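> Got a sequence here, can you build the structure:
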Amino acid sequence: MQHDIDAGTAGLDGLLNPPLSRRGFVMTSLMSGLTLATTRVEAQVIHTDASGVTAGEVTIPAGDGPMPAYRAVPEGAGPFPIVLVIEEIFGVHDYIKDICRRLAKAGYCAVAPELYARQGDLSTMTDVKQIVRDVISKTPDTQWIADLDATASWAATSAKGDPARLGVMGWCRGGRGAWLYAAHRRDLKAAVAWYGPIGGEPSAIQPRTAGDVAGEINAPLLALYGGADTGIPVASVEAARDAAKAAGRSVELVVYPDAPHGFHADYRLSYRKEAAEDGWRRALAFLKANGLG
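Next up is the predicted model:
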């Protein structure tokens, strides 16, 4: 699998910088419950049990130590297609864990690594601005991309995952990650981006946006966005789709006209049941249609 990882870096000059020195892990285990950093409903709307799946916290060997993660995989021999789950900015909390179980129930080996474990303890943070300033903006793209590569390798060797059937799905900031990871991995079969930012202000450690790499994606991408998202203009997503199409790449864009940002997050007031359920059905059908059946 190393060959595929190396090959996946081609064409990403400006995204993959020389290796940066890594810091120790601040979070050595995942948070319990839901994030403290956003207004929540009383409880999650959806709770998926673990019957028929093996689910729980694991540690994944990263370049500088064990990285906490959550994995859910169907019972049975496998191998099962792998879906890398990229969290929102709030960490791998109960909502993200539930998504992994939902995917496992659908037949996938789903793994969500805590990609911000080195930058801060998200379980204690209550201020969204602090998370963005102290954690998100200080996490190099090279770091989380390498961590996803490590997660894919671990899933194939330790979690009954099939390395020949690899996909990625991300929410919010993780939706941006789905675009960038699709431009990184040549062996990726499919990507699903739930309302991931398309633009943004580049920095030395985050030099390219999702829009910048739209024409370089290596796998079909399903883009699920809200028409009432005040932070992501639909026109910017349409421009990314068009750039991909012009480069011979495939982006399927679905816009839910009345849905705000975070419409799939069933623990928040932004949740929109109809859009979330339709998007989930489309996401599963998209994975299967693109070699992850």
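
> Now do the contacts for residue 293.
81, 287 (CB atoms under 8 Å, 6 or more residues apart in numbering). C-beta here means a position set from N, CA and C on the backbone, and glycine is covered the same way.

> Okay, now the unreliable bits of the stretch 101-250 of the chain?
Counting by pLDDT under 70, the stretch 101-250 of the chain contains no low-confidence residues.

> Please enumerate the strands of the stretch 1-150 of the chain.
Here the stretch 1-150 of the chain has its strands, by DSSP state E, counting those that start in this stretch, at 53-62, 65-74, 80-86, 109-113.

> would CSV of those strands with distance to residue 269 and mean neighbour count be doable?
Shown next, in CSV, are those (distance: least, CB to CB, whole Å; neighbours: other CB atoms under 10 Å):
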stretch, distance to residue 269, mean neighbour count
strand 53-62, 27, 18
strand 65-74, 24, 22
strand 80-86, 23, 28
strand 109-113, 23, 29
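
> Which one of these lies nearest to residue 282?
Residue 282 sits nearest to strand 80-86 of all the strands of the stretch 1-150 of the chain, at 14.7 Å, using CB to CB.

> circling back: can you add distance to residue 244 and give the strands of the stretch 1-150 of the chain back as TSV?
Below are the strands of the stretch 1-150 of the chain laid out as TSV (distance: least, CB to CB, whole Å):
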stretch	distance to residue 244
strand 53-62	30
strand 65-74	30
strand 80-86	19
strand 109-113	25
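
> and of those, who's closest to residue 220?
Nearest of the strands of the stretch 1-150 of the chain (CB to CB): strand 80-86, 14.3 Å.

> Quick check: which of the strands of the stretch 1-150 of the chain is nearest to residue 183?
So among these, strand 80-86 is nearest, using CB to CB, at 13.9 Å.

> Run me through the strand neighbours of the closest one, direction for each.
Within its sheet, strand 80-86 is paired with strand 109-113 (parallel), strand 161-171 (parallel), according to DSSP bridges.

> closest to residue 103 out of the ones you listed?
strand 109-113 (3.7 Å).

> Nearest to residue 167, out of the strands of the stretch 1-150 of the chain?
Of these, nearest to residue 167 by CB to CB is strand 80-86, at 4.8 Å.

> hey, C-alpha coordinates of that closest one in CSV?
What follows is strand 80-86, C-alpha atoms only, in CSV (Å, rounded to 0.1, in the frame of the first residue of the first chain):
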residue,chain,number,x,y,z
PHE,A,80,-14.9,-4.9,4.2
PRO,A,81,-14.6,-1.7,2.2
ILE,A,82,-13.0,1.1,4.2
VAL,A,83,-14.5,4.5,4.8
LEU,A,84,-12.3,7.1,6.5
VAL,A,85,-14.5,9.4,8.6
ILE,A,86,-13.3,12.9,9.0
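
> That one versus strand 65-74: what angle between them?
Between strand 80-86 and strand 65-74, the angle comes out at 130 degrees (axes from the mean of the first three to the mean of the last three CA atoms, to 10 degrees).

> can you pull out the helices in the stretch 151-293 of the chain?
Using DSSP state H, counting those that start in this stretch, the helices of the stretch 151-293 of the chain run over 173-184, 210-213, 234-246, 273-289.

> Pick the most buried one from those helices.
helix 173-184 (a mean of 27; mean count of other CB atoms under 10 Å).

> All good on my end, thank you.
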